[in-house]
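Colleague: Here is a sequence with its predicted model. Questions after.
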Amino acid sequence: MGQDNQKSFSRLQMLIDVIVIAASYFSAWWLRFRGPFSGNAVRTLSFEQYMFALVFIIPGFLLLYHAFNLYVPMRMQGRRLVLANVIKANTLGLLLIMFVLYTIDEGNFSRMVIYIFYAINISADWLVRMLIFYIQRDMWRRGLNQKQLLLVGYSRAAEEYIDRVIQNPQWGYVIRGILDDNVAAGTMYRGIKVIGRIANLSVILPANRLDEIAITLGLSEYYRLEEIVSMCEKSGVHTKFIPDYNKIIPTRPYTEDILGLPVINIRYVPLNNMFNAFVKRMMDIFGSIAAIIVASPVMLVVSILVKLTSPGPLIYRQERVGLHNKTFWMYKFRSMEVQPEAEEKKAWTVKNDPRVTGIGKFMRRTSIDELPQLFNILKGDMSLVGPRPERPFFVEKFREEIPRYMVKHQVRPGLTGWAQVNGYRGDTSIRKRIECDLYYIENWSVGFDVKILFLTIFKGFINKNAY
């Protein structure tokens with residue numbers, strides 16, 4: 001069945017990796033001492049001595065590939081995740097090789113060979129894995145090496161899981177049916193039939209060679225979990241649990257072990273990690289200083305134009321809600337006529353708003369009025385990238401109207417963000433903005449921040465929805 005075939009594929013993948021590692025290493029040696037990089041090469045070790053290192057490199061790299069889940073079935077893994085794991089495993093392997101050479105004081109071993117091997121092995125391993133993936137995907141689509149699956153429980157989770165399996169035939173799953181006590185046998189959902197009651201598991205498990213059981217009980221049936229899991233585990237069939245609480249925990253929860261007690265944290269926030277928060281803060285400090293220096297001529301010209309075109313202060317400050325629901329004063333170049341605070345804080349600007357000055361329209365369209373927020377970032381009130389902060393009046397309004405709105409205050413607000421580069425700025429859907437904000441909060445990385453900053457530079461400054 002599928003499990004046996006997967007073991008065979010994993011063994012085959014390991015054998016292929018051995019060949020790829022050896023070929024990459026030999027290619028690196030050839031390029032350094034026989035090929036285009038041989039011009040200034042000083043060869044003090046023999047070919048046999050270089051090749052002997054493979055005795056340690058090959059098993060070491062196979063262990064690293066295991067550690068980075070590169071022998072886990074690729075059915076459900078994204079290609080970018082596989083590439084990231086290939087790079088991580090090879091990078092750690094490179095560092096270990098360099099550490100060993102330094103420890104044994106081997107100065108005659110060409111470091112250039114190791115660097116070339118690193119580059120070739122990543123490229124070759126990634127290409128080979130993608131080739132195998134496409135071959136496997138074609139097999140799954142043609143009905144070969146498929147996993148036979150049974151669902152226990154008819155619920156929203158069951159329907160959503162069926163939807164995804166049908167939409168992704170390359171995963172190679174065949175759903176044999178659903179067992180449920182509350183839905184009549186014969187009921188169909190997208191071609192998948194309810195084939196009996198949950199008690200039938202005691203007959204089905206010994207009689208069928210199923211690869212997996214997916215428990216998809218409704219919330220009201222969770223008292224039966226222990227009974228069903230016990231029954232499935234006695235049969236030796238791999239069992240997984242698909243929770244029916246996606247409305248409560250809609251994204252990526254994570255678990256903690258507290259002296260053997262598993263605790264589910266409802267939302268994963270990478271920036272709760274002290275090291276991640278430190279790295280982001282350093283990016284904000286150095287990034288804001290660099291941006292202030294670069295933008296200083298523009299800010300000088302804008303300052304002069306604002307003072308010449310309308311009476312009032314140069315800088316406009318507005319109370320906003322930031323990290324941990326604490327308020328702060330956010331700075332902008334003033335783009336509107338001076339008005340009573342009680343009037344301006346209860347309404348957004350609208351199209352052709354008479355309160356906006358001539359230079360103010362240009363500044364709002366190009367986001368130049370936001371430049372003083374670089375000083376908010378330097379102070380620590382804001383970040384270069386994050387959810388946009390809102391005024392207290394609207395926060396109180398939206399927290400009651402929009403689910404999970406307040407989650408955005410678990411991180412510092414930003415000058416730009418994932419919602420902004422996706423077009424949700426100004427007078428656009430608040431719900432869509434929150435969806436983008438939540439995605440950013442739960443998927444933060446340095447690379448993601450850099451991506452958003454680049455997108456902001458190329459398409460994020462012009463705001464068609466700013467009035």
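Modeller: Good, I have the coordinates.

Colleague: Next SSE downstream of the strand or helix carrying F61?
Modeller: According to DSSP states H and E, F61 maps onto helix 54-67. Using DSSP H and E, the helix or strand that follows helix 54-67 in sequence is helix 79-103.

Colleague: tell me which strands and helices that following helix is in contact with?
Modeller: The contact analysis (3 or more Cβ pairs under 8 Å, 6 or more residues apart in numbering; DSSP states H and E) places helix 79-103 against helix 54-67, helix 111-141. In this view, the C-beta of every residue, glycine as well, is placed from N, C-alpha and C.

Colleague: Report the angle between it and helix 111-141.
Modeller: Relative orientation of helix 79-103 versus helix 111-141 (axes from the mean of the first three to the mean of the last three Cα atoms, to 10 degrees): 150 degrees.

Colleague: Give me the contacts around helix 79-103.
Modeller: With Cβ atoms under 8 Å, 6 or more residues apart in numbering as the contact definition, helix 79-103 has outside contacts at 57, 60-61, 64-65, 67-70, 74, 109, 111, 114-115, 118, 121-122, 125-126, 129-130, 133.

Colleague: chain center to that helix: distance?
Modeller: The chain centre lies 21 Å from the centre of helix 79-103; the measure is Cα atoms, centre = their mean, to the nearest Å.

Colleague: just checking, next helix/strand downstream of the helix or strand of the chain with the lowest mean pLDDT?
Modeller: Least confident helix or strand of the chain, by mean pLDDT, DSSP states H and E, is helix 341-344 with a mean of 59. Per DSSP H and E, the first helix or strand lying C-terminal to helix 341-344 is helix 358-366.

Colleague: List the buried residues of the helix or strand following that next one.
Modeller: Sequence-wise, the next helix or strand downstream of helix 358-366 (DSSP H and E) is helix 373-379. Of the residues in helix 373-379, those with enough neighbours to count as buried (16 or more other Cβ atoms under 10 Å) are Q373, L374, N376, I377, L378.

Colleague: by contact count, what packs against helix 373-379?
Modeller: Packing partners of helix 373-379 (3+ Cβ pairs under 8 Å, 6+ apart): helix 274-309, strand 327-333, strand 414-416.

Colleague: Next, give phi and psi for F37.
Modeller: When quoted as degrees, to the nearest 10, the phi and psi of F37 stand at phi -100, psi 10.

Colleague: residues touching it, list them.
Modeller: Residues in contact with F37, defined by Cβ under 8 Å, 6+ apart, are L31, M112, I116.

Colleague: What's the separation between it and S110?
Modeller: Noted for F37: a distance of 10 Å to S110, by Cβ to Cβ, to the nearest Å.

Colleague: any weak-confidence spans in the stretch 201-350 of the chain?
Modeller: 208, 246-252, 340-350 (pLDDT under 70).

Colleague: Show me where the stretch 351-467 of the chain has its helices.
Modeller: Counting by DSSP state H, counting those that start in this stretch, the stretch 351-467 of the chain forms helices over residues 358-366, 373-379, 392-401, 418-421, 430-442, 446-455, given from the N-terminal end onward.

Colleague: got the contact list for stretch 121-141?
Modeller: With contact meaning Cβ under 8 Å, 6+ apart, stretch 121-141 is reached by 9, 13, 16-17, 20-21, 23-25, 61, 70, 74-75, 79, 82-83, 86-87, 90, 145-146, 169-172.

Colleague: Can I get stretch 425-437 in CSV, CA atoms only?
Modeller: Coordinates of each C-alpha in stretch 425-437 appear next as CSV, following Å, rounded to 0.1, in the frame of the first residue of the first chain:
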residue,chain,number,x,y,z
ARG,A,425,-5.0,51.5,1.9
GLY,A,426,-7.2,54.5,2.6
ASP,A,427,-10.9,53.9,1.9
THR,A,428,-10.8,50.1,1.4
SER,A,429,-12.1,47.0,3.1
ILE,A,430,-11.2,46.8,6.8
ARG,A,431,-11.8,43.1,6.8
LYS,A,432,-9.4,42.5,4.0
ARG,A,433,-6.8,44.7,5.8
ILE,A,434,-7.2,42.6,8.9
GLU,A,435,-6.8,39.4,6.9
CYS,A,436,-3.5,40.7,5.5
ASP,A,437,-2.4,42.0,8.9
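
Colleague: Quick check: buried residues in that stretch?
Modeller: R425, T428, I430, R433, I434, E435, C436, D437.

Colleague: Could you export these as TSV, including pLDDT and distance to K193?
Modeller: Formatted as TSV, the entries for these read as follows, by pLDDT from 0 to 100; distance: Cβ to Cβ, whole Å:
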residue	pLDDT	distance to K193
R425	75	48
T428	73	43
I430	85	42
R433	90	41
I434	90	38
E435	89	34
C436	91	39
D437	92	41
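
Colleague: I'd like to know which of these is nearest to G447.
Modeller: C436 (17.1 Å; Cβ to Cβ).

Colleague: Give me the residues contacting stretch 194-207.
Modeller: 150, 152-154, 176-181, 183-188, 210, 224, 228, 231-232, 234-235, 237.

Colleague: The nearest residue to M188 once chain neighbours are set aside sits in which helix or strand?
Modeller: Leaving aside its sequence neighbours, M188 sits nearest to V194 (Cβ to Cβ, 6 or more residues apart in numbering; 7.7 Å). Taking DSSP H and E as the definition, V194 sits inside strand 192-196.

Colleague: Partner strands of that strand and their direction?
Modeller: Using DSSP bridges, the strands paired with strand 192-196 in its sheet are strand 173-179 (parallel), strand 188-189 (antiparallel).

Colleague: quick revisit: can you tell me which of the helices and strands packed on helix 373-379 is most buried?
Modeller: strand 414-416 (a mean of 25; mean count of other Cβ atoms under 10 Å).

Colleague: picking up where we left off before, quick check: which of the strands paired with strand 192-196 is nearest to E159?
Modeller: Evaluated over these, closeness to E159 peaks at strand 188-189, with 5.9 Å, by Cβ to Cβ.

Colleague: starting at the chain centroid, how far to the closest one?
Modeller: Centre-to-centre, strand 188-189 and its host chain are 33 Å apart (Cα atoms, centre = their mean).

Colleague: One more: stretch 439-446?
Modeller: The chain centroid and the centroid of stretch 439-446 are separated by 6 Å under Cα atoms, centre = their mean.

Colleague: Would you mark the buried spots in that stretch?
Modeller: For stretch 439-446, a neighbour-count test (16+ other Cβ under 10 Å) marks Y440, I441, E442, W444 as buried.

Colleague: would you turn the residues you listed into CSV with pLDDT?
Modeller: Putting the buried residues of stretch 439-446 into CSV (pLDDT from 0 to 100) gives the following:
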residue, pLDDT
Y440, 94
I441, 92
E442, 88
W444, 91
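
Colleague: Closest one of the residues you listed to F275?
Modeller: W444 (12.5 Å).

Colleague: Identify the residue nearest the closest one in space, chain neighbours excluded?
Modeller: The spatially closest residue to W444, leaving aside those adjacent along the chain, is P270, at 4.6 Å (Cβ to Cβ, 6+ apart).

Colleague: Buried ones among the contacts of F37?
Modeller: Buried members of the contacts of F37, counted by 16+ other Cβ under 10 Å: L31, I116.

Colleague: which one among the contacts of F37 gets closest to R412?
Modeller: When those are ranked by distance to R412 (Cβ to Cβ), I116 comes first, at 42.2 Å.
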